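Colleague: Take a look and give me a structure for this.
(one chain, ligands or ions: 1)
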Amino acid sequence: MPKYLTQRQVDQYHDEGYLSPIDFISESEAESIRHKLEEAERLYPEHINAENRNNAHLIFGFLDKLAFHSTMLDIVEDLIGPNFSLWGSVLFIKDPGSPHYVSWHQDATYMGMTSNNFVTPWIALSPSNRETGCMSMIPGSHKNQIRPHDDTFADDNILTRGQVVKDVDESLAVDLILKPGQMSLHHGEIIHGSQANLSQQRRVGYALQSYMANDIRQHIGKNMWLPVRGESHSGEDVELLHRPESDMHEKAVSRRAIVNKNFSDILYHGASLRRNY
Ligand SMILES: O=C(O)CCC(=O)C(=O)O
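Modeller: A predicted model of the protein is given here:
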């Protein structure tokens, strides 16, 4: 018996590679978290800006709490089992009228994992719809393994390498429309992307990227994991991370810097260029 989702939702996730929309927190809670985020951007611009949006849960309590929210953990357990850690997180923000987009890609392509059976919850902290540039998924595409990607490094592409899967049949795409406080969940191998923000409001999404069962290992870069539920990752080469002592705590800030360097080494492994994010 699943803990939070219905069996139908669990089956749908495995069959289509995503689940959406899921009511997660209230609209007012989402708004309050977004205000805290925008306050953090204002107070600590060096630590949270367009080129520094990875792993902010390691330095801010209000994001850490989302990663450890009991509803979140029950949902993740329903999809990948009871023993898992968090690999990282990414704030996907598109400013009003911004041309930034995310090309068709599969997350697992450059993550260097021994298995791609992992899940990313994407929490909407503002309305995410066609006008603001919501994510779109190609249902069932997680069953066809990793397709070749071209690294374009295109200016407006938010992805590290601007990587893109060619020849995607866009007529199959499903748009994930989310209200603030709702979330979607997607599999590490599903083909997905998002368009520019044509609206006058910010589109703010927080991706917990990704929760992984404790038998998945990093084969490129260092094995660094934040234990979340059940038995944690273990082994001689495993480095376990800590939750932040408090917002911007000195130790937390240095841990995040090490994790972000590892992220960059993994995601740009073998690439011809390295961007600052
Ligand atoms: O937020 C977006 O537009 C894209 C996010 C994404 O690709 C992801 O969470 O894997």
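
Colleague: Show me where the chain has its helices.
Modeller: 7-16, 27-43, 61-67, 70-80, 250-267 (DSSP state H).

Colleague: Of all the ones you listed, which one is nearest the ligand?
Modeller: Of all these, helix 250-267 sits nearest to the ligand, with 12.4 Å by Cβ to the nearest ligand atom. Just so you know, the C-beta spots here come from the backbone N, C-alpha and C atoms, and that holds for glycine as well.

Colleague: pLDDT on that closest one, on average?
Modeller: Over the span of helix 250-267, the pLDDT mean works out to 97.

Colleague: Check stretch 65-82 too.
Modeller: 98.

Colleague: Likewise for stretch 140-148?
Modeller: In the prediction, stretch 140-148 has an average pLDDT of 96.

Colleague: Against Asp169, how distant is Leu159?
Modeller: Remark: distance between Leu159 and Asp169 (Cβ to Cβ, to the nearest Å) = 20 Å.

Colleague: So these two - more neighbours on which side?
Modeller: Each of Leu159 and Asp169 has its neighbours counted (other Cβ atoms under 10 Å); Leu159 has more, 23 against 9.

Colleague: ok, Gln200 - contacts?
Modeller: Residues in contact with Gln200 (Cβ atoms under 8 Å, 6 or more residues apart in numbering) are Pro96, Gly97.

Colleague: Recalculate using a threshold of 6 Å.
Modeller: By Cβ atoms under 6 Å, 6 or more residues apart in numbering, the residues touching Gln200 are Pro96.

Colleague: what does the protein have sitting close to the ligand?
Modeller: Contact residues (Cβ under 6 Å from any ligand atom) of the chain with the ligand: Phe92, Val102, Asp107, Thr120, Trp122, Met135, His192, Ser194, Gly205, Ala207, Gln209.

Colleague: what are the bridge partners for whatever residue of the stretch 151-277 of the chain ends up closest to the ligand, then?
Modeller: At 3.2 Å from the ligand, Ser194 is the closest residue in the stretch 151-277 of the chain, using Cβ to the nearest ligand atom. Counting by DSSP bridges, Ser194 is bridged to Val102, Met135.

Colleague: thinking it is in contact with Val102, fair?
Modeller: Yes: counting by Cβ atoms under 6 Å, Ser194 does reach Val102; the two are 4.4 Å apart.

Colleague: Name the nearest residue to Asn260, sequence neighbours excluded.
Modeller: Using Cβ to Cβ, 6 or more residues apart in numbering and skipping the chain neighbours, the partner closest in space to Asn260 is Asn54 (5.4 Å).

Colleague: got a list of what Leu198 touches?
Modeller: Residues near Leu198 by Cβ under 6 Å, 6+ apart: Glu131.

Colleague: oh sorry, the question was meant for Gly188
Modeller: So Gly188 contacts Asp107, Ala108, Asn116, Phe118 (Cβ under 6 Å, 6+ apart).

Colleague: Report the separation between the second one and Gln145.
Modeller: According to Cβ to Cβ, Ala108 stands 10 Å off from Gln145.
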